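1. Can you look at this prediction? I've put the sequence above it.
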Amino acid sequence: MHIHLSPRNIALTGAIHAFIAEKMTHLEGHGQEILAAHIVFFHDQNKKKPFVVKAHLGLSGPDIFCEDAESDLYAAIDKVVHKLSAQLSKRKTRQKSHKKHLTQLERESVKRGYRRR
């Protein structure tokens, strides 16, 4: 997976880069092939929760987007990764149930003597 980081008003340190890379590798365990990840994080001092993290995962099929704001950058990254994980799990469940539904339709059509094309 290719990870592209875009910091805005924040210096990209090695610790931040390593933390994000570690969290993103956990997402690969969901069984989905993640082609690329684009993560934008920025700091806005005028807001109550100044650290905002936006993530975009490129997958085969529809992409996944997520955003969160927190008072701590690492907490915002954790919440974004958790939201992405939930979306990947939901996507995998939806794909499995769709495949199961198609298999059931095929079995019913074979029992009735019809064949789906």
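-> Looks like it arrived, so ask away.

2. Who are the contact partners of residue 64?
-> Listed by CB atoms under 8 Å, 6 or more residues apart in numbering, the contact set of residue 64 reads 56, 57, 84, 87, 88, 91. C-betas here are computed from N, CA, C, even on glycine.

3. what's across from it in the sheet?
-> residue 57 (DSSP bridges).

4. ok, now how distant is it from residue 20?
-> Distance of residue 64 to residue 20, given as CB to CB, to the nearest Å: 16 Å.

5. can you check residue 103 too?
-> To residue 20, residue 103 is 39 Å away according to CB to CB.

6. and the lengthiest helix in the chain, what other elements does it pack with?
-> Counting by DSSP state H, the longest helix found in the chain is helix 73-112. Using 3 or more CB pairs under 8 Å, 6 or more residues apart in numbering; DSSP states H and E, the elements in contact with helix 73-112 are helix 14-27, strand 34-43, strand 51-59, strand 64-70.

7. what's the neighbour count on residue 48?
-> 7 (other CB atoms under 10 Å).

8. Can you tell me the closest non-neighbouring residue to residue 26?
-> Excluding its sequence neighbours, the residue lying closest to residue 26 (CB to CB, 6 or more residues apart in numbering) is residue 81, at 6.9 Å.

9. Am I right that the one you found is in contact with residue 24?
-> Yes. Counting by CB atoms under 8 Å, residue 81 does reach residue 24; the two are 7.3 Å apart.

10. per-residue confidence at the residue nearest to residue 26?
-> pLDDT, residue 81: 94.

11. hang on, the earlier thing: pull out the buried positions in the longest helix of the chain.
-> Neighbour counts over helix 73-112 (16 or more other CB atoms under 10 Å) mark 73, 76-81, 83-85, 87-88, 91 as buried.

12. what residue is smack in the middle of this protein?
-> Central residue of the chain (CA atoms, centre = their mean): residue 84, 3.4 Å from the mean position.

13. Enumerate every residue touching that residue.
-> By CB under 8 Å, 6+ apart, the contact set of residue 84 is 27, 55, 57, 64, 66.

14. wait, which of these is closest to residue 8?
-> Nearest to residue 8 out of these is residue 55 (CB to CB; 14.0 Å).
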